[in-house]
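Colleague: could you look at this predicted model? Sequence included:
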Amino acid sequence: MQAIEQRDFETDVQRAVYDFVERNGAVERQQLKAEFGFDDDELGETLSTLEDDGYVETEEGLVRLAIDIGEEKTHTTDELEYTIRPAEQSDLQGIVGVMRQVAEENDYLVAETVVDLLDHEEVVFRHNDITSRIFFVATVDDDVVGWVHLQAPNYAKLSHTAELTMGVLEEYRGHGIGSNLLERGLQWAAENEYDKVYQSLPATNQDAIRFLEDHRWETEAIRKAHYKIDDEYVAEQMMAVMTGQSPLAP
């Protein structure tokens, strides 16, 4: 069973409240009262039902989606200690900054599209009738230094697939952060019935391609002259891994 499931609301009001929280990432209880004209009892009853059904959670007056994607884990090397954990809404600006830097340095066009969407929507997690989006982050001293992101369409014939992007700031590479981020993302995908994970890269980004190949990803197709970077035509390399055949498979 997928951790992010289709929702079945008892009332249209519950659906509207959920959709408002989903669009905004996290909202204050008082904001919900103002938006929907609730009194305290109406708000409490609506949120209580949504919480009981596992759709939202409330902490210190802040309402957000209830999506269980695991716990944080700290890794220690001879030179560095870093933590990989589910992202939070408060990580938004850190994620955007890291993604934009990595994408620009490596012509990572898919990541550029994702970060532009994040910057526009200002929401880390999405789960609606069209798409679902999750993030894990790597942090050093609470600063985001890397990410892995999975986005999945909520359509039956594609529900087994998810698109992945990931990256680590250059100064933090070489400590296993990328491998552990990839492992965390693929493990979550496998546990939640995403059989195939894929991404596309400019064929000129050989460091990233070799990294994925080392983790058993395969090239599915090459689209010649698909990108135009600095007035040069560049091929797109489409890569994928079946989670049941990945190093994370039981």
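Modeller: Now that the structure is in, tell me what you want to look at.
Colleague: and stretch 172-180, what's its mean pLDDT?
Modeller: Averaging pLDDT along stretch 172-180 yields 95.
Colleague: buried ones in it?
Modeller: Neighbour-count burial for stretch 172-180, counted by 16 or more other Cβ atoms under 10 Å, picks out 172, 175, 177, 178, 180. For the C-beta atoms, the positions are set from N, CA and C on the backbone; glycine is no exception.
Colleague: what lies in contact with that stretch?
Modeller: By Cβ atoms under 8 Å, 6 or more residues apart in numbering, the residues outside stretch 172-180 that reach it are 75, 77, 79-80, 82, 84, 138, 140, 145-146, 166-168, 211, 215.
Colleague: now do 6 Å
Modeller: Contact with stretch 172-180 is made by 77, 80, 82, 84, 138, 145, 146, 168, as judged by Cβ atoms under 6 Å, 6 or more residues apart in numbering.
Colleague: dump it to CSV, restricted to CA.
Modeller: Only the C-alpha atoms of stretch 172-180 are listed here, as CSV (Å, rounded to 0.1, in the frame of the first residue of the first chain):
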residue,chain,number,x,y,z
TYR,A,172,30.1,18.4,0.3
ARG,A,173,30.7,15.7,-2.3
GLY,A,174,32.9,12.7,-1.7
HIS,A,175,31.4,11.8,1.8
GLY,A,176,28.7,9.4,0.6
ILE,A,177,25.9,12.0,0.9
GLY,A,178,24.7,11.4,-2.7
SER,A,179,24.7,7.6,-2.3
ASN,A,180,22.8,7.8,0.9
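Colleague: buried among the contacts of stretch 172-180? Need that as a selection in ChimeraX.
Modeller: Entered in ChimeraX, the line below selects the buried ones among those, by 16+ other Cβ under 10 Å:
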select :82,84,138,145,146,168
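Colleague: now, the contacts of stretch 172-180 that are in strands?
Modeller: With DSSP state E as the criterion, strands contain 82, 84, 138, 145, 146, 168 from among these.
Colleague: can I get the residues you listed in a markdown table with distance to residue 61 and pLDDT?
Modeller: Formatted as a markdown table, the ones in strands among the contacts of stretch 172-180 follow (distance: Cβ to Cβ, whole Å; pLDDT from 0 to 100):
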| residue | distance to residue 61 | pLDDT |
| --- | --- | --- |
| 82 | 31 | 97 |
| 84 | 28 | 97 |
| 138 | 29 | 98 |
| 145 | 30 | 97 |
| 146 | 31 | 97 |
| 168 | 35 | 96 |
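Colleague: low-confidence regions, the chain specifically.
Modeller: Applying pLDDT under 70 to the chain picks out residues 1-7, 155, 245-250.
Colleague: quick one, helices of it?
Modeller: 12-24, 29-36, 40-52, 92-106, 109-121, 177-191, 206-214 (DSSP state H).
Colleague: could you check how far the residue nearest to residue 226 when sequence neighbours are not counted is from residue 167?
Modeller: Of all residues not flanking residue 226 in the chain, residue 236 sits nearest, at 3.8 Å (Cβ to Cβ, 6 or more residues apart in numbering). Counting by Cβ to Cβ, to the nearest Å, the separation of residue 236 from residue 167 is 17 Å.
Colleague: and the contacts of stretch 133-143?
Modeller: Outside stretch 133-143, the residues that touch it by Cβ under 6 Å, 6+ apart are 69, 82-84, 86-87, 91, 124, 126, 144-151, 177, 181, 184.
Colleague: now the end-to-end length of stretch 15-31.
Modeller: Taking Cα to Cα, to the nearest Å as the measure, stretch 15-31 stretches 16 Å from start to finish.
Colleague: check stretch 49-63 too.
Modeller: End-to-end for stretch 49-63, by Cα to Cα: 13 Å.
Colleague: same question, stretch 210-230
Modeller: 23 Å.
Colleague: buried residues in that stretch, which are they?
Modeller: For stretch 210-230, by 16+ other Cβ under 10 Å, it's 211, 212, 215, 217, 226, 227.
Colleague: and stretch 198-208, by the same measure?
Modeller: 199, 200, 201, 202, 203, 204, 205, 208.
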